[in-house]
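Student: The sequence and its predicted three-dimensional model are supplied below.
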Amino acid sequence: MIIQPKTRGFICTTAHPEGCARQIQEQIDFVKAQKKLTGPVNVLVIGASTGYGLASRITAAFGAGANTIGVFFDKAAEGARTASAGWYNSAAFEQAAAQQGLKSHSIVGDAFSDAIKTKTIDLIKAEYGTVDLVVYSVASPRRTHPVTGETFSSVIKPVGTAYTNKTMNFHTGEVSTVTIEPATEDEVRQTIAVMGGEDWGMWIDQLQEAGVLADGATTVAYSYIGPKITHPIYRDGTIGQAKNDLEQTAIALNEKLNAKGGRAFVSVNKALVTQSSSAIPVVPLYISALYKVMKEKELHENCIQQMYRLFSDHLYNGGEAAADGSHLIRIDDWEMREDVQIEVMRRWSELETGNVPELADLEGYREDFFHLFGFQTEGVDYEADTDPAVEIPNQV
Ligand code: NAD
């Protein structure tokens, strides 16, 4: 079939297998061109098919020669429906890993469930013995609790008072004002249940109890802080409450793992276009302005560059993980640099529909958005008949 993008708001319901494969190859090429990493050896990435989790898996595999297990929730193609981008990404990853002689397996299913945790533990026992790095990079709108059976939904809302600011439709470039009403207490509770640290803690506990976590193992999950203008919708909002919980979990896990020389961190990453971040009001306009400023200052990084820097400067190669023994690693340092933020805020106050192309990087935002689904990728013939049915090698 001919596969073209079909967008509905911030969602694209189609993905292109060849385009996704080329995006993966670009990330692999970037990592292979960098200095080799001194670790890890056996890696479990939970949420491994897109965004930061995928970039973590690629960095570990092609930067350190690590064996990797990827857990993710993606759909295969069915009839006239293409697979999801994460499916094609993982198929391309598995192929490239095999060509490189790297051991890897992919597990498709709900990471929040006990069944997938057990399946992963069984795979580690059978094929890897132990894992020495666990990356937790799940971003999900829902979670069913494995013990109570309650299904929680996460919302992106301010807490306490309504929030009004500029937002942008990145398809049209139209800037408008949006007001978001505050979350109810129950919405805060549910968002923490989905995006907080409970599931990360459950993974580490179960891996440890099963004896498949290596002594001295590292675990890392991802968070965001960002500038004051987005705090009401992000850091002080429902998602920020969940991130506070995630960060508290890092402290608790660090204490547990320390006994055997292990460590737990939260890495605070830069704002980037991913399927998750494009769903947050206000943030796409902020990211567009940020991209423009960071590109002008030659400070711009994408997911793979951020993850390589996390591994090379903080987690491995003798890097200092976090300042002053903190559980937080700050690779959002370039985004948060004073000169960057002053310039973004200056532009923010002036931004309106007519000056978006001049003050912000709308083209860069859109390009990154379409790249997420394998579109607008050089060298791909989007008019060619393409088979959407792609197998993921080494899927268990
Ligand atoms: P993403 O949407 O690109 O990736 C999410 C991953 O989670 C995918 O692999 C998906 O398959 C997987 N997933 C979702 N539900 C799952 C389930 N039930 N079981 C198994 N896998 C599941 O998201 P992202 O932006 O890379 O976010 C990853 C982490 O990074 C999040 O914690 C996010 O808050 C954080 N972060 C993102 C940004 C940003 O700007 N995008 C910045 C800083 C931190």
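Tutor: Now that the structure is in, tell me what you want to look at.

Student: can you pull the contacts of the residue nearest to L102 when sequence neighbours are not counted?
Tutor: By the measure of CB to CB, 6 or more residues apart in numbering, the closest residue to L102 outside its immediate chain neighbours is A61, 5.2 Å from it. Heads up, the C-betas are built off the backbone N, CA and C, glycines and all. Counting by CB atoms under 8 Å, 6 or more residues apart in numbering, A61 makes contact with V43, N67, T68, F93, A97, Q100, L102, S104.

Student: let's see 6 Å
Tutor: The contact partners of A61, taken as CB atoms under 6 Å, 6 or more residues apart in numbering, are T68, A97, L102.

Student: same thing with I116?
Tutor: G109, D110.

Student: Enumerate the residues of this protein near the ligand.
Tutor: Residues of the chain lying close to the ligand by CB under 6 Å from any ligand atom are 47-53, 71-74, 86, 110-112, 137-140, 222-224, 269, 271-272, 274-277.

Student: Would you point out which residue of the stretch 51-200 of the chain is nearest the ligand?
Tutor: Across the stretch 51-200 of the chain, the shortest distance to the ligand (CB to the nearest ligand atom) belongs to G51, at 2.1 Å.

Student: hey, C-alpha coordinates of the helix or strand hosting H105 in PDB?
Tutor: Per DSSP states H and E: H105 is located in strand 104-108. Backbone C-alpha positions of strand 104-108 (Å, rounded to 0.1, in the frame of the first residue of the first chain) are rendered in PDB as follows:
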ATOM      1  CA  SER A 104      18.700  -8.500  21.900                       C
ATOM      2  CA  HIS A 105      15.100  -9.400  22.500                       C
ATOM      3  CA  SER A 106      11.800  -7.500  22.300                       C
ATOM      4  CA  ILE A 107       8.800  -8.000  24.500                       C
ATOM      5  CA  VAL A 108       5.600  -6.400  23.300                       C
END
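
Student: mean confidence for it?
Tutor: Strand 104-108 shows a mean pLDDT of 98.

Student: list the helices and strands it packs on?
Tutor: strand 67-72, helix 85-99, helix 114-123 (3 or more CB pairs under 6 Å, 6 or more residues apart in numbering; DSSP states H and E).

Student: which residues of this protein fall in strands?
Tutor: 7-8, 11-12, 42-46, 67-72, 104-108, 131-136, 142-144, 151-153, 163-169, 174-180, 213-223, 263-268, 328-330 (DSSP state E).

Student: So which residues make contact with the last one?
Tutor: Put plainly, it is strand 328-330. The contact list for strand 328-330, computed with CB under 6 Å, 6+ apart, reads F265, V266, S267, V268, H314, A322.

Student: just the residues you listed: which has the poorest pLDDT?
Tutor: Lowest pLDDT of the contacts of strand 328-330: A322, 71.

Student: I'd like the distance between W200 and V194.
Tutor: 12 Å (CB to CB, to the nearest Å).

Student: What of A271?
Tutor: Computed as CB to CB, the A271 to V194 distance reads 20 Å.

Student: Please identify which of these two sits among more neighbours.
Tutor: V194 (25 against 21; other CB atoms under 10 Å).

Student: show me the contacts for that one.
Tutor: Taking CB under 6 Å, 6+ apart as the test, what V194 contacts is R143, F152, S154.

Student: As TSV, those residues with neighbour count and distance to I342 would be great.
Tutor: Shown next, in TSV, are the contacts of V194 (neighbours: other CB atoms under 10 Å; distance: CB to CB, whole Å):
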residue	neighbour count	distance to I342
R143	23	39
F152	22	39
S154	22	32
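
Student: Contact partners for the nearest residue to W200 once chain neighbours are set aside?
Tutor: Computed as CB to CB, 6+ apart, the closest residue to W200 that is not its neighbour in sequence is Y136, at 4.4 Å. Each residue near Y136 by CB under 6 Å, 6+ apart is listed here: I46, W200, A221.

Student: quick one, what contacts A48?
Tutor: L54, R57, G70, F72.

Student: And for P40?
Tutor: By CB under 6 Å, 6+ apart, the contact list for P40 reads A60, A64, A66, D132, L133.

Student: how does it look with 8 Å?
Tutor: A60, A64, A66, D132, L133, T218, L315, Y316.

Student: Also G379?
Tutor: The contact partners of G379, by CB under 8 Å, 6+ apart, come to R22.

Student: can you pull the pLDDT of it?
Tutor: Here, the pLDDT recorded for G379 equals 95.

Student: Phi, psi for it please.
Tutor: phi 90, psi 0 (degrees, to the nearest 10).

Student: ok, so of the contacts of Y136, who is nearest G173?
Tutor: A221 (34.0 Å; CB to CB).

Student: Can you tell me the closest non-neighbouring residue to the closest one?
Tutor: Closest to A221 by CB to CB, 6+ apart is Y136, at 4.0 Å.

Student: In terms of pLDDT, where does that neighbour sit?
Tutor: pLDDT, Y136: 98.

Student: State the pLDDT value of K243.
Tutor: 98.

Student: count of residues packed around W200?
Tutor: 25.

Student: Tell me who's in contact with it.
Tutor: By CB under 8 Å, 6+ apart, W200 lies in contact with Y136, T219, A221, L246, T249, L253.

Student: right, and the pair among those with maximum separation?
Tutor: The distance between the two most remote of the contacts of W200 (CB to CB) is 11.7 Å, for T219 and L246.

Student: Fine by me, thanks again.
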